[in-house]
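> Predicted model follows, preceded by the sequence.
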Amino acid sequence: MAGSSKDMIDSLVAKFHAISDLYDTFKNENGILRERLTLREQELKSLQERYEALEKKYNNLKLSKTVAAQEGSNTEETKARFAKLVREIDKCISLLNE
C-alpha cells in the first residue's frame, strides 16, 4: 500500500510539473500574441489616420475641381483659396477647443 501511495504521489508530482511547464509555455505564447496584437492595432490606427488624411485631400481636390469648373478659374487659384479656407477653419476649431 505504501509503495502504491508513493507511486501515486510521484505520478501527481510529474503531472503537476508537466502542467506547470505547459502553463509557462502558454503564458509566454500569450505574451508574444499580445505584443503582436498591440503592434497590429498601432499599425491599423496609423493606416486609418493615413486613409482619413488622403480622403480629406481627395474631397478637397474634388471640391476644388468642381468649383473651378463652375467658376472657370484656374485650378491652382482654387486650391490656394480652399487651402486658405481650411487653415481658417482649423484655426477656428482650435480656438473653440481651447
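Sure, I can see it.
> what bits of the chain have low per-residue confidence?
Scanning the chain with the threshold set as pLDDT under 70 gives 1-3, 67-75, 78.
> How about the backbone phi and psi for Phe82?
The phi/psi pair for Phe82 (degrees, to the nearest 10) reads phi -70, psi -40.
> shouldn't it be in contact with Asn60?
Yes - here Phe82 reaches Asn60: they are 5.8 Å apart, a contact under Cβ atoms under 8 Å. C-beta: built from backbone N, CA, C; applies to glycine.
> who does the lengthiest helix in the chain touch, helix- and strand-wise?
Counting residues, the longest helix in the chain under DSSP state H turns out to be helix 2-71. Secondary-structure packing of helix 2-71 (3 or more Cβ pairs under 8 Å, 6 or more residues apart in numbering; DSSP states H and E): helix 75-97.
> Show me what the helix it packs on is packed against.
Here helix 75-97 touches helix 2-71, going by 3+ Cβ pairs under 8 Å, 6+ apart.
> The helix it packs on vs helix 75-97, what angle?
130 degrees (axes from the mean of the first three to the mean of the last three Cα atoms, to 10 degrees).
> What is the burial count for Ser64?
Using other Cβ atoms under 10 Å, Ser64 has 20 neighbouring residues.
> And Arg50, by the same measure?
By the measure other Cβ under 10 Å, the count of residues near Arg50 is 10.
> Can you tell me how far Cys43 is from Asn30?
Rather than Cys, residue 43 is Glu. Using Cβ to Cβ, to the nearest Å, we find Glu43 at a distance of 20 Å from Asn30.
> repeat for Ile89
Distance from Ile89 to Asn30, by Cβ to Cβ: 46 Å.
> before we move on, what about Thr66?
Distance, Thr66 to Asn30, using Cβ to Cβ: 53 Å.
> One more: Ile19?
16 Å.
> Kindly report the same for Lys91.
47 Å.
> cool, and Val13?
Here Val13 is placed at a distance of 25 Å from Asn30 (Cβ to Cβ).
> Equivalent analysis for Met8, please.
For Met8, the distance to Asn30 (Cβ to Cβ) stands at 32 Å.
> Also Arg36?
For Arg36, the distance to Asn30 - Cβ to Cβ - is 11 Å.
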